[in-house]
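**Student:** here's my sequence, what's the structure:
(one chain, ligands or ions: 1)
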Amino acid sequence: MPKHKSTIWGNHLETKPDQAMIRFSAGRDVASLPMADSELLLDDLWTNRAHTVMLKTQGILEPALAEKIFEGLEMLEQEWISGKFTLDPAKEDVHVNVEHFVTERMGEEAGGRMHTGRSRNDQVATDLRLLMRREVLIFMENVDALGREILTQAVAHAETWMPGFTHTQPGMMTTWGHWLCGWAQALTRDLNRAEGLFHRLNRSPLGAAASFGTSWPIHRELTAELLGFDGVEENTLDAVTSRGELEYEVASLYAQMMNHLSVAAQDLMLLAHPYWNMVRLDDAYVTGSSIMPQKRNPDFAEVIRGKTAWVIGAAAGLLAGPKGTMSGYNRDTQQTKYALLDVVRECRDAPTVFRGAINTLRVNKEEMAAHLNSGFLAAADFADLAARELNLPFRLGYNIAATAVRLSGNAGVITPQAARQAMAESGAEPDKIQQAEHIVSQLADPARVVSWRTHTGSPAPEQVHKQAAQLEKRFDKSKAFVHSARKQIESAWERCKQHR
Ligand code: ARG
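**Tutor:** Residues are numbered from 1 along each chain as shown. Now for the predicted structure:
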């Protein structure tokens, strides 16, 4: 009997597949999409509430009628949460659905006044900013958690020697810890971008109305504050016309981060390949085949690569979307909502799934070390050393090393005889040729070779520890940012609720 009945494969694996990985990899094969505007419903209720509080505070709406609207909005929230309310497609979008609900339950006298001094155009722009800023914080949280996991592994592997590659070909000796710090450093730029985007996002378009303001004495700063924004997106025309721009930025934020994960995913696929075997993905992070019972496929990593290509396309579509529309609201921008929701849905869990794979990854130090004996990984170090110890121009040292590589044939490392002969061929004096063996002998130990690279950012273990410590500080900063942004949002929500 199969151990894992949910799949037709997996008998050969020790552990059950990670369920988040399976969901992420299966994607839309078996998942259905909710109505786009259902994602906005709770945000729309908050926007409505803030607007109602403002109308009441400004004396535009009688307190008793405002109360009725609050009651209607709360009723709707309850019915939504308990699954009793669904959006009626005949009512076009979430905004009309909400207004009609309140009007039906609380009467025209109250519900009919909800739309005073606003338009669906500023309303939807506001809802989307609430959604996007929430998503950017989730993005930051997930990327931060992944970055920290990577750093934990980096510190543990500061002295795990392995080959480094350029052009996917053996290059120089390095450490797994340095490799991982490289991944983490890329993620800090994603966090920087997210933080910058959050500031651009967190301004309120509400009150822009159709695009040209309103004759009602509204108070835009008040609604902005009640919604936890840092301020208003001032010019009413731009506040509406710019819809789609920040959606593009969210997509491009994801696209860049996915590019980083895609490279890391490719690294894992190659390093974990059975022919290389330098790392091993946990059984929970591989999938099997419906016909080949031995397979351990890195599907999640391939899905990350695939989604990366897809999200780049989505970002390009979003960038092009608002092009050439006339200033003011245009219905074209509705399409940007779908692209945005798709991007977030497709990519949101990528850092989390990747984190699980890293957390459970087995690093095969012996195999990594064994690979150091091929590919002439110390050839560049030989050139450096020859140049330094014999006080030669670097190019001469390089040429001696290149000759030595050729003379070493299939050895995979420069042999002492080859080094001697290469020096002799270069016309070096006999006392210099004497040093050939000494130079070669120093290249056998990866700890020694890597420790020569002592400058900032290098793979030398003490530098890796330094990098990891600095990167951790950057992650701490990001975490603090998320924390304070969340606090600002939550306290605005509390204040908004208290106003009834
Ligand atoms: N569902 C619409 C959207 O997402 C709301 C705004 C409609 N406004 C209009 N004037 N037709 O864009």
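**Student:** and A370, how many neighbours does it have?
**Tutor:** Look at A370: counted by other Cβ atoms under 10 Å, it has 12 neighbours. Just so you know, the C-beta spots here come from the backbone N, C-alpha and C atoms, and that holds for glycine as well.
**Student:** wait, I meant A26
**Tutor:** 13.
**Student:** with K84 instead?
**Tutor:** Counted with other Cβ under 10 Å, K84 comes out at 9.
**Student:** quick one: secondary structure of it?
**Tutor:** When classified by DSSP: H, G, I helix; E, B strand; the rest coil, K84 comes out as coil.
**Student:** please point out which parts of stretch 66-76 sit buried.
**Tutor:** A66, E67, K68, I69, F70, G72, L73, L76 (16 or more other Cβ atoms under 10 Å).
**Student:** helix or strand: which one has the fourth one?
**Tutor:** Assigned by DSSP states H and E, I69 belongs to helix 63-81.
**Student:** name the helices or strands packed onto that helix?
**Tutor:** helix 41-57, helix 94-106, helix 108-111 (3 or more Cβ pairs under 8 Å, 6 or more residues apart in numbering; DSSP states H and E).
**Student:** tell me who's in contact with the residue of the stretch 101-250 of the chain found nearest the ligand.
**Tutor:** Nearest to the ligand, among the residues of the stretch 101-250 of the chain, is R120, at 3.9 Å (Cβ to the nearest ligand atom). By Cβ atoms under 8 Å, 6 or more residues apart in numbering, R120 lies in contact with D93, H95, V96.
**Student:** who are the contact partners of the closest residue to A125 other than its chain neighbours?
**Tutor:** In space, and not counting its chain neighbours, A125 is closest to P205: 4.1 Å by Cβ to Cβ, 6 or more residues apart in numbering. By Cβ under 8 Å, 6+ apart, the contact list for P205 reads D122, A125, T126, R129, V232, E233, A239, V240.
**Student:** sorry, back to before: and which of the buried residues of stretch 66-76 is nearest P217?
**Tutor:** A66 (15.6 Å; Cβ to Cβ).
**Student:** can I assume A386 is in contact with F394?
**Tutor:** No: contact criterion Cβ atoms under 8 Å: A386 and F394 do not qualify, at 9.2 Å.
**Student:** of the two, which one has the most company?
**Tutor:** Remark: of A386 and F394, A386 carries more neighbours, 29 against 12, as counted by other Cβ under 10 Å.
**Student:** so what's that one scoring on pLDDT?
**Tutor:** What the model reports as pLDDT for A386 is 94.
**Student:** what does the one 5 residues further on give?
**Tutor:** On the pLDDT scale, N391 is placed at 92.
**Student:** how about the residues of the protein near the ligand?
**Tutor:** D93, R120, N121, V124, Y329, R331, T333, Q334, K337 (Cβ under 6 Å from any ligand atom).
**Student:** next, format those as TSV and append pLDDT.
**Tutor:** Formatted as TSV, the residues of the chain next to the ligand follow (pLDDT from 0 to 100):
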residue	pLDDT
D93	97
R120	98
N121	98
V124	98
Y329	97
R331	95
T333	95
Q334	96
K337	97
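**Student:** for PyMOL, write the select line for the buried members of those residues.
**Tutor:** Buried members of the residues of the chain next to the ligand, defined by 16+ other Cβ under 10 Å, are picked up in PyMOL with:
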select buried, resi 93+120+121+124+329+333+334+337
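**Student:** so which of the residues of the chain next to the ligand are in helices?
**Tutor:** R120, N121, V124, Q334, K337 (DSSP state H).
**Student:** could you check how far the last one is from A125?
**Tutor:** By that I understand K337. 10 Å (Cβ to Cβ, to the nearest Å).
**Student:** got it, and Y285?
**Tutor:** According to Cβ to Cβ, Y285 stands 40 Å off from A125.
**Student:** repeat that for V353.
**Tutor:** Distance from V353 to A125, by Cβ to Cβ: 32 Å.
**Student:** cool, S290 as well?
**Tutor:** S290 is 47 Å from A125, by Cβ to Cβ.
**Student:** list the buried residues for stretch 95-110?
**Tutor:** H95, V96, N97, V98, E99, F101, V102, T103, R105, M106, A110.
**Student:** can you check stretch 31-42 too?
**Tutor:** Result for stretch 31-42 [16+ other Cβ under 10 Å]: buried residues A36, D37, E39, L40, L41, L42.
**Student:** on that earlier part again, quick one: which of the buried residues of stretch 95-110 is nearest F165?
**Tutor:** Nearest member of these to F165, counting by Cβ to Cβ, is H95, at 53.7 Å.
**Student:** hmm, D44 and the closest one touching each other?
**Tutor:** Yes: counting by Cβ under 8 Å, H95 touches D44, with 6.4 Å between them.
**Student:** which neighbours do those two have in common?
**Tutor:** Common neighbours of H95 and D44 (Cβ under 8 Å, 6+ apart) are Q123.
**Student:** tell me which residue is most central in the protein.
**Tutor:** M257 (4.0 Å; Cα atoms, centre = their mean).
**Student:** what segments of the stretch 251-400 of the chain are helices?
**Tutor:** Residue ranges of the helices in the stretch 251-400 of the chain, as given by DSSP state H, counting those that start in this stretch, are 299-320, 334-347, 350-359, 365-370, 379-389, 394-408.
**Student:** nearest to R133, of those?
**Tutor:** R133 lies closest, by Cβ to Cβ, to one member of those: helix 334-347, at 12.2 Å.
**Student:** residues in contact with the closest one?
**Tutor:** Contacts for helix 334-347 (Cβ under 8 Å, 6+ apart): 27, 33, 36, 39-40, 124, 128, 131-132, 135, 243-244, 247-248, 250-251, 254, 257-258, 307, 310-311, 314-315, 317-318, 321-322.
**Student:** looking at K5 now. What's its pLDDT?
**Tutor:** 65.
**Student:** buried stuff in the helix or strand encompassing M21?
**Tutor:** Per DSSP H and E, M21 falls inside helix 19-26. Neighbour counts using 16+ other Cβ under 10 Å place M21, I22, F24, S25 of helix 19-26 among the buried residues.
**Student:** and of those residues, the nearest to the ligand?
**Tutor:** Within the buried residues of helix 19-26, the smallest distance to the ligand is 28.3 Å, found for F24 (Cβ to the nearest ligand atom).
**Student:** tell me the contacts of the closest one?
**Tutor:** With the criterion set at Cβ under 8 Å, 6+ apart, F24 makes contact with F300, V303, D349, A350, V353.
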